[in-house]
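sequence first, then the predicted structure, then my questions.
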Amino acid sequence: MINNTKPLISVIIPAYNAAGTIHETIMSVLNQSFSNLELIVINDGSQDSTLDIVSSIQDSRLQLFSYKNGGVCMARNRGIERACGEFISFLDADDIWTPDKLEAQLTALQKNPQAAVAYSWVDYIDEYGNFFHQGNYITINGSAYEKMLVQNILENGSNPLISREALTKVGVFDSSLTLAEDWDMWLRLAELYDFVTVPSVQILYRTSSRSASTNIVKIEKSCLKFIEKSFKNAPPSLQYLKKNTLSTLYHYLTFKSLESPLSRQNGIIATKCFWNAIKNDLSTIWQWQTMSKAFFKISTVLILPPEQYKKIKTIAKKLLIKESVRQLQ
């Protein structure tokens with residue numbers, strides 16, 4: 001018997017050369033506790049074995065469509081065109097959901113009918129799936145516009161569950177803002193609709209250090225373009241937040257650049273970002289205790305060769321461990 005029941009949730013995965021992670025990502029969707037869903041994978045011109053891996057997965061809820069490479073924005077927009085669900089969620093091809101992600105977010109939206117977007121907390125994992133660091137764990141129930149204007153509180157594109165009606169209202173992802181298109185979409189939604197938070201880690205966002213210094217420059221350029229667009233449309237009463245937004249961006253870019261392999265080039269990029277964070281908001285120094293750690297790391301990277309920096313870092317860790325043990329005795 002053919003099941004003609006319309007899925008309640010559509011999940012869209014844009015995939016480009018994702019052979020190393022796509023199977024785990026797809027299974028994190030198909031193994032959700034909420035099963036009334038369709039999974040749309042947009043193969044965005046992959047040149048590796050992504051297509052073969054996806055094709056080998058046997059599940060009636062999985063649909064695969066292949067196109068020439070058009071970028072993540074176009075892939076997501078193509079997925080939206082094919083989606084049938086009343087709610088839509090996006091998942092990058094290297095990220096993972098916990099099994100209760102969709103069920104918890106759907107329940108949150110059903111209990112809060114005034115909201116059109118449900119989101120969860122995020123933890124970061126490395127290329128091998130190991131815990132890297134926790135996310136911001138920001139909770140907002142109601143209007144998220146002002147805080148979203150300052151920073152991307154959802155942190156990535158794999159997070160929210162969104163009412164299809166709301167998504168249709170605000171329009172598609174803006175392909176001119178590649179690397180900032182998620183933030184732009186969430187802000188446009190926040191301008192018109194309430195958000196609701198599921199206060200639990202349900203998105204595992206995979207971070208990679210490859211080509212990090214190049215990406216930092218690209219991220220900066222795209223985010224600055226987005227910030228100009230956003231504050232051009234923001235009300236006069238919120239224009240004072242622009243410097244805070246710029247400082248928050250450069251704080252993020254400082255640490256993003258320091259996650260990359262040690263090099264003088266990355267140290268120079270981190271220095272520039274560090275300076276811009278402080279320049280736009282001097283109180284950054286006092287508000288973020290982590291900035292002192294960033295300053296130390298930048299200084300040592302610029303002054304010392306990578307091998308010597310690694311030795312100093314190892315010694316420092318050992319001393320901290322010894323001090324922690326001494327305090328416990």
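Arrived safely. All values reported here derive from a predicted model rather than from experimental measurement.

which residues does I12 contact?
Applying CB atoms under 8 Å, 6 or more residues apart in numbering to I12 gives the contacts I40, I42, R76, G79, I80, A83, I88, S89, F90, L91. Any C-beta I mention is one placed from the backbone N, CA and C, and that applies to glycine too.

element containing the fifth one?
This points to I80. helix 72-82 (DSSP states H and E).

mean confidence score for that helix?
On average, the pLDDT along helix 72-82 is 97.

about what we covered before: and the contacts of I12, which is closest to K68?
Closest approach to K68 among the contacts of I12 (CB to CB): I42, at 11.4 Å.

element containing that closest one?
Going by DSSP H and E, I42 is in strand 37-44.

can you spell out which helices and strands pack onto that strand?
Helices and strands touching strand 37-44, by 3 or more CB pairs under 8 Å, 6 or more residues apart in numbering; DSSP states H and E, are strand 9-15, helix 22-30, helix 50-55, strand 62-67, helix 72-82.

residues in contact with the closest residue to I203 other than its chain neighbours?
Sequence neighbours aside, V122 is the residue nearest to I203 in space, at 4.7 Å (criterion: CB to CB, 6 or more residues apart in numbering). For V122, the contacting residues are Q134, G135, N136, L154, E155, N156, N159, V201, I203, L204, Y205, by CB under 8 Å, 6+ apart.

of those, closest to L282?
Proximity of the contacts of V122 to L282 was ranked by CB to CB; the top entry is N136 with 22.1 Å.

how many other residues sit next to the residue lying closest to that closest one once chain neighbours are set aside?
Take N136 and drop its neighbours on the chain: the residue closest to it by CB to CB, 6+ apart is E155, 6.4 Å away. Counted with other CB atoms under 10 Å, residues neighbouring E155 total 22.

dihedrals phi and psi, E155?
The phi and psi torsions at E155 (degrees, to the nearest 10) take the values phi 80, psi -30.

mind checking how far the residue nearest to I203 is from N159?
Note on V122: its distance to N159, by CB to CB, to the nearest Å, is 7 Å.

quick check: neighbours shared by the two?
Common contacts of V122 and N159, defined by CB under 8 Å, 6+ apart, comprise I203.

which parts of stretch 222-235 are buried?
S222, C223, K225, F226, I227, K229, S230, F231, A234 (16 or more other CB atoms under 10 Å).

now for those: which two are most distant?
Of all pairs in these, the most separated under CB to CB is S222 and A234 at 18.4 Å.

contact partners for D59?
L30, L39.

what sits up against stretch 206-226?
With CB under 8 Å, 6+ apart, stretch 206-226 has contacts from 21, 92, 94-96, 124-127, 129, 132, 176-180, 183-184, 249, 253, 256-257, 259-261, 263, 265-266, 269, 273.

list buried members of the residues you listed by neighbour count.
For the contacts of stretch 206-226, buried by 16+ other CB under 10 Å: 21, 92, 94-96, 124-125, 132, 177-180, 183-184, 249, 253, 256-257, 259-260, 266, 269, 273.

rewinding a little: and the residue nearest to I203, backbone torsions?
Here is the backbone geometry of V122 (degrees, to the nearest 10): phi -130, psi 140.

state the pLDDT value of it.
Looking at V122, its pLDDT is 98.

separation between it and E220?
Note on V122: its distance to E220, by CB to CB, is 21 Å.

which stretches of the stretch 51-200 of the chain form strands?
Assigned by DSSP state E, counting those that start in this stretch, the strands in the stretch 51-200 of the chain fall at 62-67, 87-90, 96-97, 115-125, 131-134, 161-163, 194-206.

looking at the ones you listed, which is buried most?
For the strands of the stretch 51-200 of the chain, average neighbour numbers computed from mean count of other CB atoms under 10 Å are highest in strand 87-90, which has a mean of 25.

elements contacting that one?
Applying 3+ CB pairs under 8 Å, 6+ apart, one finds that strand 87-90 makes contact with strand 9-15, helix 72-82, helix 101-111, strand 161-163, helix 164-170.

what's the most buried one of these?
strand 9-15 (a mean of 26).

report the strands that pair with that strand, each with its relative direction.
As defined by DSSP bridges, the strand partners of strand 9-15 come to strand 37-44 (parallel), strand 87-90 (parallel).

and that strand, how far from the chain's centre?
15 Å (CA atoms, centre = their mean, to the nearest Å).

cool, and stretch 121-141?
9 Å.

can you check stretch 158-165 too?
Taking CA atoms, centre = their mean, one finds stretch 158-165 lying 14 Å from the centre of the chain it belongs to.

and the end-to-end length of that stretch?
This stretch, stretch 158-165, spans 19 Å end to end (CA to CA, to the nearest Å).

before we move on, the earlier item: gap between the helix holding I80 and the chain center?
Helix 72-82 has its C-alpha centroid displaced from the chain centroid by 17 Å (CA atoms, centre = their mean).
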